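Trainee: Sharing a sequence plus its predicted fold:
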Amino acid sequence: MYREARVVSGSTAMKEALRKSSSSHKYTHGHALILSGGPGHTGAARLGARGALRIGAGLVTLGVPPAAQQEVASQITAIMLKQVKDAAALANVLQDDRLNALCLGPGLGVERAKDLVPQALSVPAPEPGRPGKPRDPGSGPGLRSVVLDADALTAYTDNPETLFAMLHQRCVLTPHAGEFARLFPDIAEKLKAPATKGPAYSKVDATREAAARAGCVVLFKGPDTVIAAPDGRCSINSAQYDRAAPWLATAGSGDVLAGFITGLLARGLAPMQAAEIAIWLHVECALSFGPGLIAEDLPEELPKVFRALGV
Ligand SMILES: NC(=O)C1=CN([C@@H]2O[C@H](COP(=O)(O)OP(=O)(O)OC[C@H]3O[C@@H](n4cnc5c(N)ncnc54)[C@H](OP(=O)(O)O)[C@@H]3O)[C@@H](O)[C@H]2O)[C@@H](O)CC1
Ligand SMILES: Nc1ncnc2c1ncn2[C@@H]1O[C@H](COP(=O)(O)OP(=O)(O)O)[C@@H](O)[C@H]1O
């Protein structure tokens, strides 16, 4: 069991993980699918998609219900679009195993999330005559990466155990404090309770306990974001003190973060590394942009941050 929580910082390893080889092509960098909600609720998924594309996924597709197709099509260019009406349609789209990272939650709607999440988390079956896609969740590389945020978490408020039973080692959960308390009410209570003796139960303890219970990486957002893996690895990314970024508390910034993580997963990074790098870059983008930041600015600031990092 790991004991210490690391502080995330820009490093040579991060730079190497973000750099692209000149002999690669777009499919080498993965294909992310971001599921959108219905008409009037597509902005959050579009923010996530823009984040996934800017952070370097080779291709990004928005999965939209037919009624929202026009609305989304009129807003996108480099990002692609596929109709995903329901779970059956998602199963059909996922026949393409180049779609290697999914994001569900931003603006999705709780009912649509309940329909789509089980399908997104299902393990691809091997094609006839082509063994090797693991059926057993947690067993290896054929699994798709899945980021669950916002409504995909809220959808399991009444039955978090149902969600935990479906999660696997390529999943990342990205709750804010409200979503965290819905999925892990007992842990949130412990965190809120006044300490009666030291050391006090901390956000690090809470996130570690949540990751162990969920069986995947949990990124618990806030001015200090804590990331933990089920094996006890844990890191902290602070947006306070010398890295204070209060302008990040703006509608849609978490949706962009979910897209950043999905894009890095599409590029093949491991879930813990993808979450750590994404949250560090998220704060760097906010610091680089400065006051007046809105969510749309975050992906557009990435090229500047990449240049400063030497990517
Ligand atoms: N541009 C777009 O299209 C955007 C679309 N969006 C989409 O909207 C959907 C709803 O997402 P949501 O996060 O706004 O609302 P929801 O999950 O219902 O929870 C809100 C309640 O939880 C509580 N709460 C406690 N701690 C909290 C914390 N740290 N941060 C936040 N809340 C905290 C708090 O309750 P309180 O503590 O005040 O009682 C609060 O009232 C979702 O699909 C999302 O993707 C947004 O991303 C915005 C941009
Ligand atoms: N005071 C703050 N300082 C720095 N970062 C913050 C602060 N408050 C929130 N954040 C960050 O902003 C993002 C907000 O995400 P979220 O709550 O999911 O919003 P939304 O659902 O509107 O996208 C998270 O990455 C969180 O860590």
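Mentor: Everything's here; your move. Ligands and ions are numbered 1, 2, ... in the order given.
Trainee: which residues touch the closest residue to ligand 1 within the stretch 51-200 of the chain?
Mentor: Proximity to ligand 1, evaluated over the stretch 51-200 of the chain using CB to the nearest ligand atom, is greatest for residue 178 at 2.6 Å. C-beta coordinates here come from the backbone N, C-alpha and C atoms, glycine included. With contacts defined as CB atoms under 8 Å, 6 or more residues apart in numbering, residue 178 has no neighbours.
Trainee: In a helix, it, correct?
Mentor: Yes. Counting by DSSP: H, G, I helix; E, B strand; the rest coil, residue 178 is part of a helix.
Trainee: Next, the residue in the chain positioned nearest to ligand 2: phi, psi?
Mentor: Evaluated by CB to the nearest ligand atom, the chain has residue 254 as its residue closest to ligand 2, separated by 2.1 Å. In terms of degrees, to the nearest 10, the main-chain angles of residue 254 are phi -70, psi -30.
Trainee: tally of neighbours for it?
Mentor: 26 (other CB atoms under 10 Å).
Trainee: Equivalent analysis for residue 91, please.
Mentor: By other CB under 10 Å, neighbour count at residue 91 equals 14.
Trainee: is it true that the residue of the chain closest to ligand 2 touches residue 177?
Mentor: No. Counting by CB atoms under 8 Å, residue 254 sits too far from residue 177 to count as a contact (11.2 Å).
Trainee: List the contacts of the residue of the chain closest to ligand 2.
Mentor: Here residue 254 is in contact with 106, 149-150, 174, 176, 221 (criterion: CB under 8 Å, 6+ apart).
Trainee: go on, residue 280?
Mentor: Counted by CB under 8 Å, 6+ apart, residue 280 has contacts 8-10, 14, 237.
Trainee: repeat that for 10 Å
Mentor: Residue 280 is in contact with 7-11, 14, 225, 235, 237, 239, 243, 260, 305, 309, counting by CB atoms under 10 Å, 6 or more residues apart in numbering.
Trainee: Could you do residue 273 as well?
Mentor: 13-14, 17, 217, 227, 264-265.
Trainee: secondary structure class for residue 51?
Mentor: helix.
Trainee: For it, the count of nearby residues, please.
Mentor: Neighbour tally, residue 51, other CB under 10 Å: 34.
Trainee: picking that back up, ChimeraX command for the buried members of the contacts of residue 273?
Mentor: Listed next is the ChimeraX selection for buried residues among the contacts of residue 273, using 16 or more other CB atoms under 10 Å:
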select :14,17,217,227,264,265
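Trainee: Alongside ligand 2, which residues does the stretch 51-200 of the chain contribute?
Mentor: 150, 176 (CB under 6 Å from any ligand atom).
Trainee: Would you map the strands across the stretch 51-200 of the chain?
Mentor: Secondary structure of the stretch 51-200 of the chain by DSSP state E, counting those that start in this stretch: the strands cover 59-64, 80-83, 99-104, 145-148, 171-173.
Trainee: Same question for the stretch 201-311 of the chain.
Mentor: Under DSSP E, counting those that start in this stretch, the stretch 201-311 of the chain gives strands at 217-220, 224-228, 234-238.
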